[in-house]
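Visitor: what follows is a predicted protein model with its sequence.
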Amino acid sequence: MSFIYHEDAGDLSFLAGKTVACIGYGNMGRPCALNLHDSGVRVVVADPTEERRLLAAEEGFQVEDIAAATQQADVVMLLVRDEAMPQTYIEHVSPHLRRGQTLIFASAYTIAFGFIEAPTFVDVGLIAARTLGRAVRERFVEGSGYTSFVAVGQDASRQAWNTVLAVARALGALRGGAVEVRFEQEAELDLFLQQAVLPLFYDAIITAANVLIRSGYSPEAVFTELYLSGESGDQLEQASRHGLLNALKLASLPAQYGTLSRAERIDDLKLERIMETTLTEIRSGAFAQEWAREYAAGYPRLRQLLKQRERLDMWELEQQTLEMLRANDREEESDEYIDRSHQDT
């Protein structure tokens, strides 16, 4: 059983007089910096890109280069993309670390797969939100918080947990419960969701849309029913609050019967083998090495895979349906998020 921390586990007074450096001001870095600031924590921001440095300055933060921010900080939060982080760390962070500092990661990927090895004289912690960067900020402002994973990978000072939990509270990461895991577990679980569960969802939606449109249903009705209405998301939200089975019981009786009886048609053994193979690739580090090669080459296969999907006729029909269903401000907000999601962690 994993231990779960709540709001009372974090003591903000432990951060009194200390400085937190947010290295990265993108999709996750900006929400983290804003949440910390609103919790009364002194924050210094650094980012490799001029555009984001200017944004951070406009929003009232002290902005430094990465080396200077690292030198000033008691806690260094590494919030750049996983694939870009090793170079950033080696060139700009590592040479300036000193005894007594704490490194906190928002993703365990680079530590778990050996791309970063912290010196023995610093504490190493993890605060990994189980949601998107935008939700980290929105739920903090709302007061609801979000669920997270927390870990200590190295406790040189014997105070690492105090620091991690204090920062987690300042971020809003304890309000929804923070599950204690190992670094390796966070990285492996994150990749498993991305590689074993989400592909099934996307493939099922695309296949279902093609079947229904070929059978004479209008694209507008198909896309609305499958996901644009938000009904599927609402069901998942209920599952996050009450559990998967209880969420199913909230559906109509025909829906319960149809879901459970037709699930028997799925080849569980084949699906289990696919998931076991995926997990083996993740845990062995094979995927991490594959992704490192892909990043070093400039993402050639990713670009090819995206182009293949973009050629599907259904996306044009989907966009037409979105234009009819959504107001312009909603579309612009979505486009802005998509742009930012490609830029940073």
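Guide: Structure received. Numbering: from 1, shown residues only.
Visitor: how is this protein partitioned into domains?
Guide: Following automatic domain parsing, the chain resolves into domains at 4-181, 186-229+267-341.
Visitor: out of those domains, deepest packed?
Guide: Mean neighbour count (mean count of other CB atoms under 10 Å) peaks for domain 4-181 among the domains of the chain, with a mean of 20. Every residue, glycine included, has its C-beta placed from N, CA and C.
Visitor: could you pull out the helices for the stretch 1-150 of the chain?
Guide: For the stretch 1-150 of the chain, applying DSSP state H, counting those that start in this stretch gives helices covering 29-38, 50-58, 66-72, 85-88, 109-112, 133-142.
Visitor: if we can go back for a sec, for the domains of the chain, which has the smallest mean pLDDT value?
Guide: Note on the domains of the chain: domain 186-229+267-341 shows the lowest mean pLDDT, a mean of 85.
Visitor: quick check, distance from that domain to the centre of its chain.
Guide: Relative to the chain's own centre, domain 186-229+267-341 is displaced by 16 Å; criterion: CA atoms, centre = their mean, to the nearest Å.
Visitor: same question for stretch 103-111.
Guide: Relative to where its chain is centred, stretch 103-111 has its mean C-alpha point 12 Å off (CA atoms, centre = their mean).
Visitor: could you number the chain from 57 rather than 1 from now on?
Guide: All set: I'll call the first residue 57, so the last point we hit is now stretch 159-167.
Visitor: show residues contacting that stretch.
Guide: Outside stretch 159-167, the residues that touch it by CB atoms under 8 Å, 6 or more residues apart in numbering are 84, 88, 131-135, 138, 141-142, 145, 153, 171-174, 178-185, 207, 209, 219-220, 223, 239-243, 246-247, 344, 401.
Visitor: okay, and which of those residues map to strands?
Guide: Cross-referencing those against strands under DSSP state E gives 131-134, 179-185, 207, 209.
Visitor: quick revisit: do you know which of the helices of the stretch 57-206 of the chain lies nearest residue 289?
Guide: helix 189-198 (12.5 Å; CB to CB).
Visitor: counting by contacts, list what that closest one packs against.
Guide: When contacts are defined as 3 or more CB pairs under 8 Å, 6 or more residues apart in numbering; DSSP states H and E, helix 189-198 packs onto helix 85-94.
Visitor: and the helix it packs on, what does it pack onto?
Guide: Judged by 3+ CB pairs under 8 Å, 6+ apart, the packing partners of helix 85-94 are strand 75-79, strand 98-102, helix 106-114, helix 189-198, helix 216-227.
Visitor: right, and the helix or strand after the last one?
Guide: Per DSSP states H and E, helix 216-227 leads on to strand 234-236 as the next helix or strand towards the C-terminus.
Visitor: give me the contact list for that next one.
Guide: By CB under 8 Å, 6+ apart, the surrounding residues in contact with strand 234-236 are 58-62, 65, 183, 203-207, 221, 224.
Visitor: for residue 348, pull up the helix or strand it's in.
Guide: Using DSSP H and E, residue 348 maps to helix 342-352.
Visitor: stretch 227-242 spans what distance, first to last residue?
Guide: Its start and end residues considered, stretch 227-242 measures 18 Å (CA to CA, to the nearest Å).
Visitor: off-centre distance for that stretch?
Guide: In terms of CA atoms, centre = their mean, the centre of stretch 227-242 is found 12 Å from the chain centre.
Visitor: on that earlier part again, what's the closest of the ones in strands among the contacts of stretch 159-167 to residue 79?
Guide: For these, the nearest to residue 79 is residue 134 (5.3 Å; CB to CB).
Visitor: for residue 229, see how far away that closest one is.
Guide: With distances taken as CB to CB, to the nearest Å, residue 134 is found 16 Å from residue 229.
Visitor: try residue 382
Guide: On the measure of CB to CB, residue 382 and residue 229 end up 31 Å apart.
Visitor: residue 119 contacts residue 111, doesn't it?
Guide: No - the criterion here is CB atoms under 8 Å, and residue 119 misses it with residue 111 at 9.4 Å.
Visitor: can you pull out the helices in the stretch 207-356 of the chain?
Guide: Applying DSSP H, counting those that start in this stretch to the stretch 207-356 of the chain gives helices spanning 216-227, 239-248, 254-270, 275-279, 287-298, 300-305, 309-318, 324-340, 342-352, 356-366.
Visitor: would JSON lines of those with distance to residue 107 be doable?
Guide: Below are the helices of the stretch 207-356 of the chain laid out as JSON lines (distance: least, CB to CB, whole Å):
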{"stretch": "helix 216-227", "distance to residue 107": "24"}
{"stretch": "helix 239-248", "distance to residue 107": "27"}
{"stretch": "helix 254-270", "distance to residue 107": "30"}
{"stretch": "helix 275-279", "distance to residue 107": "34"}
{"stretch": "helix 287-298", "distance to residue 107": "31"}
{"stretch": "helix 300-305", "distance to residue 107": "41"}
{"stretch": "helix 309-318", "distance to residue 107": "46"}
{"stretch": "helix 324-340", "distance to residue 107": "34"}
{"stretch": "helix 342-352", "distance to residue 107": "21"}
{"stretch": "helix 356-366", "distance to residue 107": "23"}
